[in-house]
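Trainee: Sequence and predicted structure below; questions after.
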Amino acid sequence: MKLGLINTLRVQLVILVVAALTAAQLISLWFFADERSLAVRAALGFEAAGRAANVARLIEEAPEDLRLSVLRAANSPLVRFDLASEAIVQHTEHSDGGLVEARIRALLDDGYSRDIRVELHEIEGQILPLPHLSQEMAEMHMAMMRGELSAVEMNLSIAIAGGSWLNVGTRFERPPIQWPVYSMLTFALSAAVILVAIFWFLMTRLTGPLRRLVGAADRLGRGEDITDLPMVGPTEVRDLTATFNRMQERLTRFVADRTRLLAALGHDLRSPLTAMRVQAEMVDDEETRDSLVASVEEMQSMVEATLTFARGLAGSEEPEHVIVGEFLKALKSDMVTQFDLEVGPVIEARIRPHALRRALRNVIENADRYGGKTRVTFHSRSDEFIIAVDDSGPGIPAPELERVFDPFFRLEQSRSLETGGHGLGLSIARTIVRAHGGDISLSNRDEGGLRATIAIPLANDQPIEKGQK
């Protein structure tokens with residue numbers, strides 16, 4: 001599975017839910033197995049206590065010559081009986097809390113007159129089930145318990161009338177863990193129902209609106225017109241969508257108001273400038289007239305350039321999918337200024353062609369004017385494509401690398417429009433590139449000259465091919 005797919009909210013939540021269900025199932029199985037083991041041991045302990053009580057009663061009622069026969073008949077692979085003059089349990093404290101003793105006394109129905117001693121302790125390791133058993137019976141018992149002999153040994157000493165002791169020994173092996181097939185099947189069905197019928201549906205309601213919101217935010221950052229997103233999904237997602245809709249509405253209204261204001265300003269400025277031009281033409285002195293006319297024309301040109309720059313140059317142009325290499329080839333064939341274009345990879349990008357064409361033309365003409373020979377290269381990097389414009393000129397002092405993007409800033413100090421322009425070329429280029437969601441920067445190359453780097457994000461839904469073009 002690709003790392004990008006694992007990082008998605010939907011897949012991470014699926015993994016989290018499956019892991020939680022698995023952990024819960026394992027914990028339940030562990031508790032079930034432990035409770036089953038305790039239940040089996042308790043049943044065996046009470047069964048051994050019942051047999052011990054019955055054997056003690058039989059021995060007391062049987063003649064002396066039949067007592068050994070009773071003991072032999074009572075012995076089994078799980079319980080061992082022996083009649084002796086001394087008790088094998090020396091202490092009188094009960095390590096089981098007195099449950100086994102109470103069971104035996106209840107069966108014997110003798111109150112507290114008889115001495116009954118109980119001892120419990122753990123046994124681990126490769127041991128025979130019980131001492132004094134034949135090898136055949138020991139092997140049979142080990143096979144029955146699947147070779148798992150971690151056990152609890154219980155020894156009983158019951159006082160018999162006449163001064164002898166009935167000694168009883170038994171072991172309760174831990175039952176082997178059994179994986180309940182039906183429990184595992186139930187877990188699988190529960191996980192499938194949660195993931196498919198409920199969880200996947202809810203996650204689709206959550207991630208679907210989020211993915212639409214991501215796409216809308218990306219298009220808004222590129223300056224594209226977007227409609228209000230539908231408010232669907234959980235309350236938090238609907239609130240987020242409503243906030244985004246309000247934000248993009250405010251931004252759109254702000255840009256529209258600014259555009260209308262600038263259009264009105266441009267209209268109002270043109271009228272007095274035209275009047276000044278007419279009045280300048282009436283000046284009798286030719287030198288003064290030419291000077292005034294030139295100043296008015298420069299002011300008109302600056303007003304038009306300023307208005308064009310302030311509008312963002314995006315207009316109502318719709319974005320298009322283009323092949324970057326083909327786009328640059330067409331630009332080179334249309335421009336009077338010539339430059340070297342290096343072959344690069346095939347990159348499909350979503351741009352506003354006319355606007356980006358003007359931005360590149362400004363940058364390339366600027367490089368040709370001040371740097372001489374110009375070279376253009378392009379490549380892809382992560383989720384964006386890069387266009388680099390290199391020249392062989394003297395470069396720009398480091399403190400001025402950012403200032404040259406300011407409107408009307410010119411490194412060339414003359415007032416000639418032929419040599420320095422208005423100082424809006426790079427400002428316009430940056431405005432266009434940033435309207436695409438990217439940026440443009442300048443840097444001095446180590447080998448000499450200046451590099452303009454234009455980085456524009458690739459749309460989320462567009463492919464990047466790595467072949468050569």
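Mentor: Now that the structure is in, tell me what you want to look at.
Trainee: Helices of the chain, start to end?
Mentor: Assigned by DSSP state H, the chain shows helices spanning 3-6, 9-61, 67-74, 99-108, 135-144, 181-192, 200-221, 235-281, 286-310, 324-334, 353-371, 417-420, 425-435.
Trainee: Which of the ones you listed sits closest to E119?
Mentor: helix 99-108 (9.8 Å; C-beta to C-beta). (C-beta placed from N, C-alpha, C; glycine too.)
Trainee: what's the offset of that closest one from the middle of its chain?
Mentor: Computed by C-alpha atoms, centre = their mean, to the nearest Å, the chain-centroid distance of helix 99-108 equals 62 Å.
Trainee: Contacts made by that helix with the rest, please.
Mentor: Helix 99-108 is contacted by residues 45-46, 49-50, 52-54, 56-57, 94, 111-112, 114, 116, 118, 154, 156, 158 when judged by C-beta atoms under 8 Å, 6 or more residues apart in numbering.
Trainee: State the mean pLDDT of that helix.
Mentor: Mean pLDDT, computed over helix 99-108, is 80.
Trainee: Pull it out as CSV, backbone CA atoms only.
Mentor: Presented in CSV, the C-alpha positions along helix 99-108 are these (Å, rounded to 0.1, in the frame of the first residue of the first chain):
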residue,chain,number,x,y,z
LEU,A,99,-13.6,-23.9,50.6
VAL,A,100,-12.4,-27.5,50.1
GLU,A,101,-12.6,-28.2,53.9
ALA,A,102,-16.2,-26.9,54.0
ARG,A,103,-17.1,-29.1,51.1
ILE,A,104,-15.7,-32.2,52.8
ARG,A,105,-17.3,-31.4,56.1
ALA,A,106,-20.7,-30.9,54.4
LEU,A,107,-20.5,-34.3,52.7
LEU,A,108,-19.3,-36.0,55.9
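Trainee: Give the buried residues for it.
Mentor: Under the neighbour-count criterion of 16 or more other C-beta atoms under 10 Å, helix 99-108 has 100-101, 103-105, 107-108 buried.
Trainee: quick one, domains of this protein?
Mentor: 3-173, 319-468 (automatic domain parsing).
Trainee: Which one, of those domains, ends up nearest to E286?
Mentor: domain 319-468 (21.0 Å).
Trainee: Please give me every residue in contact with I88.
Mentor: 82, 155, 157, 165, 167, 169.
Trainee: Which residue, other than its chain neighbours, is closest to I387?
Mentor: Using C-beta to C-beta, 6 or more residues apart in numbering and skipping residues adjacent in sequence, the residue nearest I387 is I454, 4.4 Å away.
Trainee: what's across from the one you found in the sheet?
Mentor: Taking DSSP bridges as the rule, I454 bridges to I387, I440.
Trainee: contacting residues around it?
Mentor: 359-360, 363, 386-389, 433, 438-440.
Trainee: Now, of the contacts of helix 99-108, which are buried?
Mentor: 45, 49, 52-53, 56-57, 94, 116, 118, 154, 156, 158.
Trainee: any idea which of the residues you listed is least confident?
Mentor: H94 (56).
Trainee: Can you list the low-confidence ranges for the stretch 151-300 of the chain?
Mentor: Within the stretch 151-300 of the chain, the ranges that satisfy pLDDT under 70 run 151, 172-183, 197-200, 202, 222-223, 259, 262-263, 266-267.
Trainee: List the contacts of K332.
Mentor: For K332, the contacting residues are 338-339, 341, 376, by C-beta under 8 Å, 6+ apart.
Trainee: related to what we said a few turns ago, now that we have the buried residues of helix 99-108, can you turn them into a markdown table and tack on distance to L240?
Mentor: Below are the buried residues of helix 99-108 laid out as a markdown table (distance: C-beta to C-beta, whole Å):
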| residue | distance to L240 |
| --- | --- |
| V100 | 66 |
| E101 | 69 |
| R103 | 67 |
| I104 | 72 |
| R105 | 72 |
| L107 | 72 |
| L108 | 76 |
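Trainee: now, among those residues, which is nearest to L251?
Mentor: Of the buried residues of helix 99-108, the one sitting nearest to L251 (C-beta to C-beta) turns out to be V100, at 82.1 Å.
Trainee: what's the distance between the closest one and R270?
Mentor: Separation of V100 from R270 (C-beta to C-beta, to the nearest Å) stands at 111 Å.
Trainee: Likewise for T241?
Mentor: 43 Å.
Trainee: Please compare the two by neighbour count and tell me which comes out ahead.
Mentor: T241 (21 against 14; other C-beta atoms under 10 Å).
Trainee: Isn't that one up against P209?
Mentor: Yes: counting by C-beta atoms under 8 Å, P209 is a contact partner of T241 at 6.1 Å.
Trainee: so what sits against both of the two?
Mentor: 229-230, 232-233.
Trainee: got these as a markdown table, with neighbour count and distance to A24 columns?
Mentor: Output for the shared contacts of T241 and P209, formatted as a markdown table (neighbours: other C-beta atoms under 10 Å; distance: C-beta to C-beta, whole Å):
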| residue | neighbour count | distance to A24 |
| --- | --- | --- |
| L229 | 19 | 38 |
| P230 | 11 | 37 |
| V232 | 13 | 32 |
| G233 | 20 | 28 |
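Trainee: Same list (those) but as a markdown table, adding distance to A73.
Mentor: As requested, the shared contacts of T241 and P209 are arranged in a markdown table below (distance: C-beta to C-beta, whole Å):
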| residue | distance to A73 |
| --- | --- |
| L229 | 86 |
| P230 | 85 |
| V232 | 80 |
| G233 | 76 |
